[in-house]
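Engineer: below are the sequence and a predicted model for it; my questions follow.
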Amino acid sequence: MHVILAPAPDGSVVLRRLDARGHRIGPDMTAARPELAREAERIEREERPRWVWRRAADWYPGFLAAGVRLERCHDLALCGAALEGSAFAAATHYTSTFAPRSEPTEPGGSLPQLPAPEGQGSLFEDTPDHGPDADKLEYELKAQLAAIAGATQPGRLRLLCAADSAGALVAAEMQAAGIPWDSTTHESLLAEQLGPRPRGLERPALLEEKANELREHLGAPRLNPDSPQELMRALHRAGIEARTTRAWELREFTHPAIQPLLEYKKLARLLAANGWAWLDAWVRDGRFRPEYVVAGVVTGRWASRGGGALQIPKQVRAAARALPGHKLVVADASQLEPRVLAALARDDEMAAAAQDADLYARIAAAGFGGDRAKAKVALLGAIYGATTGESGRLMPQLAKLYPRAVAYVEQAARDGERGLTVTTHLGRSSPRPSERWQRLQQSTTAEEQRRADAAARDRGRFTRNFVVQGTAAEWAECWMAELRLRLRRLAGRGLHGELVYFLHDEVMVHAEEPAAEACADAIREAAAAARRLLFGSAPVEFPVSIAVVDSYDQAK
DNA sequence: GTCCTGAGCGCG
DNA sequence: AAAGCGCGCTCAGGAC
């Protein structure tokens, strides 16, 4: 059963029941704002409906603040975006009335977000106080259910919508919970590496010291090492003919200035990205509460807003610390992308290797003379589209071992080069090429042909990776959705643990100490459930490695 | 002064 | 060791 939540003009909320097919049941109800959470809680307890709203991110945080958790929802904006682009539903001609329409993206990067067309109006449409009424929401829901029912793969698209919608719930719950963050630990890490917190905007003592060391070695007493141009000139004067100031390129030179320069860069990065200013801005009441953007990446991966939540550097992970009497249960899905490829391509040979806990070692034994590093480089090269270097040279050998898997990514690459879209296992399709890209492919002059070919190859690498990265994101989202349900069940038995962090193929549960092992089991069971949901009986394993620790740095 | 882009580097 | 995919964030420096 569905219950639609819609804002009413008088400030109250309309609740409308529909059956599984979208037929209305009974008259609308209304709830005044202050009673909404309690009313929803009662309906949740008695009927376990699927809550339908324009966007979970607008509504659900309010419920959480009132202490009300909901199990299932249908996020019309997220589902609309996925269905509208999906090749599986192309024949249904569904178009979303809600999802923001975005321009086709350039290969390898998205265009900046266009400003809202209707001025500040859109700011308010996006809150639960303003927006489409119950009739519009009902219309949209029916259109989406029809698009799913009429699709070439209805089961997969239904799962994709359920996964994104569950993701929206988890995202709000994790933001409300936050990662337990020990500012004292963080501050002592900073003091240790950078020196005491400076009063003003000057460099911390140890960083300034490193800068002086560098200036001496380069014979440039007034150098500002934060300026790439100044730095480049100083390097050249000292006889270091670097083309860029990237760390990996600088490492190629032997000169006494290189070591202090690399150290300076490392420390300057720590200060700028995760220093005292970061602590002030993002950590409140002992928690780091990032905002997750579900399916915010073209491939369906999540993005985040604020605080760089998906880039917490190893340097400061010790500050993510369980409260007294608690543990962090940190789990990651080992070698997720190659396993996904084996399942996607139905490559039984590679699937056999994916039965093993160490897939790379099995592949190395099968055809790379036991050289694990070689097997790994070859496989990642296939997924990323490497053509040069060692990875490119190893491709023929990989293709001989696993013809189906390699053919699968090659096909995705060729489709992309030709301007076609590609689609993940559950039906998320890649964006169409931009107008500019298509025009470039029509060009006739030799110079433009060269550029067109380069752009085609770029897009081929993008679509090649899209099918694997996107399907891996679907597995991970299902993993979290399944884990979320199991953690709820454990809580009912007095074993408390809550999801507090998610990073592509990694989850973190903050658990009361006696519940930690049960949470670890739930994580493993959820991984198995996600495999069944996506790939049924395909013989591919998705092992997770789990660490029960006091702080994040102790995991792996 | 404000806005935007590229370089660089953090994460998977 | 390497430079193939996807992101967010900060800073410097140029454009306006």
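Structural biologist: Everything's here; your move. Residues are numbered from 1 along each chain as shown, chains lettered A, B, ... in the order given.
Engineer: quick one: the helices in the stretch 151-300 of chain A?
Structural biologist: Assigned by DSSP state H, counting those that start in this stretch, the stretch 151-300 of chain A shows helices spanning A:154-177, A:183-194, A:205-218, A:228-237, A:247-250, A:258-274, A:276-282.
Engineer: out of those, which is closest to residue A:352?
Structural biologist: helix A:154-177 (24.8 Å; C-beta to C-beta). Where C-beta positions appear, they are placed from N, C-alpha and C, glycine not excepted.
Engineer: other SSEs contacting that closest one?
Structural biologist: helix A:56-65, strand A:72-75, helix A:76-85, helix A:134-149, strand A:291-293, helix A:446-492, strand A:497-502 (3 or more C-beta pairs under 8 Å, 6 or more residues apart in numbering; DSSP states H and E).
Engineer: please name the strands paired to the fifth one in the sheet, noting orientation.
Structural biologist: Partner strands for strand A:291-293, per DSSP bridges, with pairing direction: strand A:303-305 (antiparallel).
Engineer: for the partner strand, buried residues please.
Structural biologist: Under the neighbour-count criterion of 16 or more other C-beta atoms under 10 Å, strand A:303-305 has residue A:304 buried.
Engineer: and the closest residue to residue A:424 other than its chain neighbours, what does it touch?
Structural biologist: Nearest residue to residue A:424, sequence neighbours excluded (C-beta to C-beta, 6 or more residues apart in numbering): residue A:470, at 3.8 Å. With contacts defined as C-beta atoms under 8 Å, 6 or more residues apart in numbering, residue A:470 is in contact with A:299-301, A:424, A:428, A:430.
Engineer: residue A:519 reaches residue A:508, doesn't it?
Structural biologist: No. Residue A:519 is beyond contact range of residue A:508, at 10.4 Å (criterion: C-beta atoms under 8 Å).
Engineer: need the overlap of contacts for the two.
Structural biologist: Contacts common to residue A:519 and residue A:508, judged by C-beta under 8 Å, 6+ apart, are residue A:329.
Engineer: using PDB, list the CA coordinates for the strand or helix carrying residue A:530.
Structural biologist: Per DSSP states H and E: residue A:530 is located in helix A:516-535. The C-alpha trace of helix A:516-535 is given here as PDB (Å, rounded to 0.1, in the frame of the first residue of the first chain):
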ATOM      1  CA  ALA A 516      28.900  -5.400  17.700                       C
ATOM      2  CA  GLU A 517      29.200  -9.100  16.700                       C
ATOM      3  CA  ALA A 518      25.600  -9.300  15.800                       C
ATOM      4  CA  CYS A 519      26.000  -6.200  13.700                       C
ATOM      5  CA  ALA A 520      29.000  -7.700  11.900                       C
ATOM      6  CA  ASP A 521      26.800 -10.800  11.100                       C
ATOM      7  CA  ALA A 522      24.100  -8.500   9.800                       C
ATOM      8  CA  ILE A 523      26.600  -6.800   7.500                       C
ATOM      9  CA  ARG A 524      27.600 -10.200   6.100                       C
ATOM     10  CA  GLU A 525      24.000 -11.400   5.700                       C
ATOM     11  CA  ALA A 526      23.100  -8.100   4.000                       C
ATOM     12  CA  ALA A 527      25.900  -8.600   1.500                       C
ATOM     13  CA  ALA A 528      24.500 -12.000   0.600                       C
ATOM     14  CA  ALA A 529      21.000 -10.600   0.300                       C
ATOM     15  CA  ALA A 530      22.200  -7.900  -2.100                       C
ATOM     16  CA  ARG A 531      23.900 -10.500  -4.300                       C
ATOM     17  CA  ARG A 532      20.600 -12.500  -4.500                       C
ATOM     18  CA  LEU A 533      18.600  -9.300  -5.200                       C
ATOM     19  CA  LEU A 534      20.800  -8.300  -8.100                       C
ATOM     20  CA  PHE A 535      22.200 -11.500  -9.600                       C
END
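Engineer: buried ones in the helix or strand following it?
Structural biologist: Note on helix A:516-535: by DSSP H and E, the next helix or strand toward the C-terminus is strand A:544-549. Buried residues in strand A:544-549, counted by 16+ other C-beta under 10 Å: A:544, A:546-549.
Engineer: DNA strand C: which of the residues you listed is nearest?
Structural biologist: Closest to DNA strand C out of the buried residues of strand A:544-549 is residue A:544 (19.6 Å), distances taken as C-beta to the nearest atom of the strand.
Engineer: verify the contact between that closest one and residue A:330 for me.
Structural biologist: No. With contact defined as C-beta under 8 Å, residue A:544 does not count as touching residue A:330 (10.2 Å).
Engineer: correct me if wrong: residue A:303 contacts residue A:297.
Structural biologist: Yes. Using C-beta under 8 Å, residue A:303 is in contact with residue A:297, at 5.3 Å.
Engineer: for residue A:437, give its distance to residue A:456.
Structural biologist: For residue A:437, the distance to residue A:456 (C-beta to C-beta, to the nearest Å) stands at 8 Å.
Engineer: cool, and residue A:161?
Structural biologist: If you go by C-beta to C-beta, the gap between residue A:161 and residue A:456 works out to 32 Å.
Engineer: who has more neighbours, those two?
Structural biologist: Per other C-beta atoms under 10 Å, whichever of residue A:161 and residue A:456 has more neighbours is residue A:161, with 24 against 20.
Engineer: and the more buried one, what does it touch?
Structural biologist: A:74, A:78-79, A:82-83, A:144, A:148 are the contacts of residue A:161 under C-beta under 8 Å, 6+ apart.
Engineer: ok, the closest residue to DNA strand C within the stretch 251-400 of chain A - how many residues close by?
Structural biologist: The nearest approach of the stretch 251-400 of chain A to DNA strand C comes at residue A:389, 2.3 Å away (C-beta to the nearest atom of the strand). As a burial measure, residue A:389 scores 10 neighbours (other C-beta under 10 Å).
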